[in-house]
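*Asks:* structure of the sequence below:
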Amino acid sequence: MKTNNTNIAIELDIKHICTEMIKAGISKKFVAGVERAAWEFEGIYDLMKMWDEETDEKERELYIADIQDLMNDCFKNGLKG
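*Replies:* Numbering: from 1, shown residues only. From the prediction side, this is the model:
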């Protein structure tokens with residue numbers, strides 16, 4: 001991915017959300033996979049942003065489940081974990 005201001009902003013956003021996920025008690029192994037996958041699959045990054053903006057814990061859990069499902073699909077299609 002070419003480095004430019006947009007990519008730097010996205011990288012910082014991904015890192016911020018990953019930090020928040022870890023603070024929320026989500027496993028570091030899962031978060032590390034999410035961070036890698038977010039660069040390859042925009043849908044994962046979009047779900048991460050929705051998770052970050054959500055305040056209801058039950059809704060956040062649903063976003064994590066959606067991220068997991070999408071990551072499972074990504075891994076089946078060749079993304080290395």
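
*Asks:* can you map out the helices along the chain?
*Replies:* 5-23, 28-40, 42-53, 57-76 (DSSP state H).

*Asks:* turn those into CSV, columns for mean pLDDT and mean neighbour count.
*Replies:* Backbone N, C-alpha and C define where each C-beta goes, glycine included. Converted to CSV, the helices of the chain look like this (pLDDT from 0 to 100; neighbours: other C-beta atoms under 10 Å):
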stretch, mean pLDDT, mean neighbour count
helix 5-23, 94, 13
helix 28-40, 93, 17
helix 42-53, 96, 18
helix 57-76, 93, 14
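
*Asks:* got the phi/psi numbers for Glu54?
*Replies:* phi -80, psi 140 (degrees, to the nearest 10).

*Asks:* not counting sequence-adjacent ones, nearest residue to it?
*Replies:* Once flanking residues are discounted, Glu54 sits nearest to Arg60: 5.0 Å by C-beta to C-beta, 6 or more residues apart in numbering.

*Asks:* starting at the chain centroid, how far to stretch 17-29?
*Replies:* 10 Å (C-alpha atoms, centre = their mean, to the nearest Å).

*Asks:* what lies in contact with it?
*Replies:* The contact list for stretch 17-29 (C-beta atoms under 8 Å, 6 or more residues apart in numbering) reads 30-32, 34-35, 48-49, 51-52, 60, 64.
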